[in-house]
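**Q** Pasting the sequence and the predicted model now:
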Amino acid sequence: MSSKLKIKVLSRNPDEYIRETKRDIHKVPRNYDPSLHPFETPREYVRALNVTKLERVFAKPFVGALDGHKDGLNTLCKHPTSLSHLLSGACDGEIRVWNLAHRQCVSCVQAHDGMVKGLAFHPTGNRFFSCGTDKVIKQWNLNEEGQIDTEARTTILGKTVFQSISHHNAKNIFSTCGEQVDIWDSTRTEPLRTFTWGVDSQHYVKFNPIERDLLASCASDRSIILYDMRGASPLRKVILKLSSNAIAWNPMEAFVFTVANEDYNLYTFDMRKLSVPMNIHMDHVAAVMDVDYSPTGKEFVSGSYDKCLRIFPVNKGHSREIYHTKRMQKVRNVQWTLDNKYILSGSDEMNIRIWKARAHEKMGVLRPREKTALEYGDKLKEKFADHPMVKRITRHRHIPHVVYQSSKEHRIMKDSQRRKETNRRAHSKPGKVPYVPERKKRVIGELE
């Protein structure tokens, strides 16, 4: 009688447990029982502290500059389908197309007699529109290499000066603003529709990227006006204490938008409830000129007359990052690239600057071990984010002396006003000096 004997043999591949670079280092199995590691938390805290310190050491956000314009930058426009192309318009009427990968100008054209006030791409990316102070709207062809035709494809003569232009995300429709907001078809020379609401002029207009029939504009009477192309009249209007300079719609939340205001702040609104802003973003010490959202919708970048850029989380009132250089002057335009990696800024000294969206991020391809180490470091920072030392190192920034002193003065003024209001309330009859939240103070009125 014969019986079969089964034998199990251990088979191990040396490549799985021996390091590639040093063949004498063997992988040792680890027991994750917490009782065997009583000092795990202190050890992880030290690692989190080191990761936070190294981030600040390697925080070098400036990537490069695009130099070539002969006058100050007035508008920037990113390509809807290509990451490497950028449009810029200057105060002397010149439009340039830039290749961001090679950091050089691809082509340029003298488009307008006065300032270029607005640029907008067609959704296909093969043509774009420009408007200027010479009361002209021009349509230009653009090939895949970024070359602009020497002659404009179409020219529309307007009756008033155009201040801004924005294109619909899907249709051959664009809007302009000046004395009124006009809706245009790219194949016609007369506007399809005109919206007015008792204001002298409007200086910025922007289409909603999700609810594509909605658009918003900034007016000279300190108001923000909302429109629906399907209706015959404007939808709603909210008036702030000071005028707003730019609007950016959140690309992930259809009804949320942020405005850059003259009172040094940015306001995030939900268009369904305009009586109170969702959030007030404070840190700038001069008028905020432009704002643009990241593709994720979680952050936005702003440029100001204080010669700085700031990056704000949508749900927080203070910036997480500030970018500045010694030569950069008043920042008029900012754009967040569609790959969520870079920020572009245009300023008065004729330069377009490229910045990293995350100052400490390493550029280029990461090896698997590098990627794992960075992910581990991010988790450690998240775990110890509220520890005083980690928080202090994370928040510390070197800022220009003028900005530092101005911030200190504004802080003293706000504390004084708050203290005065508290004393008045304490020494008055109950209810005579009611408490008004800071967000409600900023909105003067809402009209429908």
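**A** Sure thing, it's come through. Numbering: from 1, shown residues only.

**Q** What about the residue nearest to residue 261 when sequence neighbours are not counted, how many residues nearby?
**A** What sits nearest to residue 261 in space, not counting adjacent residues and going by C-beta to C-beta, 6 or more residues apart in numbering, is residue 244, at 5.0 Å. To be clear about C-beta, it is placed using only N, CA and C from the backbone, and glycine gets the same treatment. Residue 244: 26 surrounding residues under other C-beta atoms under 10 Å.

**Q** Residue 244: what's it in contact with?
**A** 204, 218, 222, 224, 259, 260, 261, 262, 267 (C-beta atoms under 8 Å, 6 or more residues apart in numbering).

**Q** So what does the fourth one look like in phi/psi?
**A** In other words, residue 224. phi -120, psi 120 (degrees, to the nearest 10).

**Q** related to what we said a few turns ago, just among the contacts of residue 244, which is most surrounded?
**A** Ranking the contacts of residue 244 using other C-beta under 10 Å puts residue 260 first, with 28 neighbours.

**Q** Tell me the secondary structure of that residue, please.
**A** Look at residue 260: counting by DSSP: H, G, I helix; E, B strand; the rest coil, its state is strand.

**Q** my guess is it meets residue 292, correct?
**A** No. Contact criterion C-beta atoms under 8 Å: residue 260 and residue 292 do not qualify, at 9.7 Å.

**Q** Mind listing the shared neighbours of these two?
**A** residue 248.

**Q** what's the neighbour count on residue 188?
**A** Using other C-beta under 10 Å, residue 188 has 11 neighbouring residues.

**Q** which SS class is it?
**A** Quick answer, by three-state DSSP: residue 188 is coil.

**Q** what's the pLDDT at it?
**A** pLDDT recorded at residue 188 is 88.

**Q** Pull the contacting residues for it.
**A** With C-beta under 8 Å, 6+ apart, residue 188 has no contacts at all.

**Q** mind checking how far it is from residue 267?
**A** With distances taken as C-beta to C-beta, to the nearest Å, residue 188 is found 36 Å from residue 267.

**Q** mind checking how far the closest residue to residue 62 other than its chain neighbours is from residue 334?
**A** Nearest residue to residue 62 in three dimensions, chain neighbours excluded: residue 355, at 6.1 Å (C-beta to C-beta, 6+ apart). Taking C-beta to C-beta as the measure, residue 355 and residue 334 are separated by 9 Å.

**Q** Same question for residue 394.
**A** For residue 394 relative to residue 334 (C-beta to C-beta), the value is 23 Å.

**Q** which one of those two has more residues nearby?
**A** residue 334 (30 against 16).

**Q** which SSE is that one in?
**A** Using DSSP states H and E, residue 334 falls within strand 331-336.

**Q** What residues sit buried inside the lengthiest helix in the chain?
**A** If you go by DSSP state H, the chain has its longest helix at helix 401-426. By neighbour count with 16 or more other C-beta atoms under 10 Å, helix 401-426 contains the buried residues 403, 406, 407.

**Q** Which other helices and strands does it contact?
**A** Helix 401-426 sits against no helix or strand, with contacts defined as 3 or more C-beta pairs under 8 Å, 6 or more residues apart in numbering; DSSP states H and E.

**Q** model confidence over it, on average?
**A** Across helix 401-426, pLDDT averages out at 94.

**Q** One more: stretch 371-381?
**A** 94.

**Q** Which residues in that stretch does the neighbour count mark as buried?
**A** Buried-residue list, stretch 371-381, by 16+ other C-beta under 10 Å: 377, 380, 381.

**Q** Could you verify that residue 382 is part of a strand?
**A** No. Under three-state DSSP, residue 382 sits outside any strand and is assigned helix.

**Q** Quick one: neighbours of it, just the number.
**A** 10.

**Q** helix or strand right after the longest helix of the chain?
**A** Next element after helix 401-426 (DSSP H and E): helix 438-442.

**Q** roughly how far is the strand holding residue 334 from the heart of the chain?
**A** 8 Å (C-alpha atoms, centre = their mean, to the nearest Å).

**Q** Report pLDDT for the residue nearest to residue 318 when sequence neighbours are not counted.
**A** Closest residue to residue 318 apart from its sequence neighbours, by C-beta to C-beta, 6+ apart: residue 283 at 5.5 Å. Predicted confidence (pLDDT) for residue 283: 91.

**Q** Next one: residue 283 from residue 242, what distance?
**A** Between residue 283 and residue 242 the computed distance is 17 Å (C-beta to C-beta).

**Q** So those two - more neighbours on which side?
**A** Ranked by neighbour count (other C-beta under 10 Å), residue 283 and residue 242 place residue 283 first, with 23 against 13.

**Q** Distance of that one relative to residue 202?
**A** Using C-beta to C-beta, residue 283 is found at 27 Å from residue 202.

**Q** mind listing the helices for the stretch 51-200 of the chain?
**A** Under the criterion DSSP state H, counting those that start in this stretch, the stretch 51-200 of the chain carries no helices.

**Q** Residue 225 looks like it's in a strand, true?
**A** Yes. According to three-state DSSP, residue 225 belongs to a strand.

**Q** That one touches residue 239, doesn't it?
**A** No. Here residue 225 lies out of contact with residue 239, judged by C-beta under 8 Å, at a distance of 9.8 Å.
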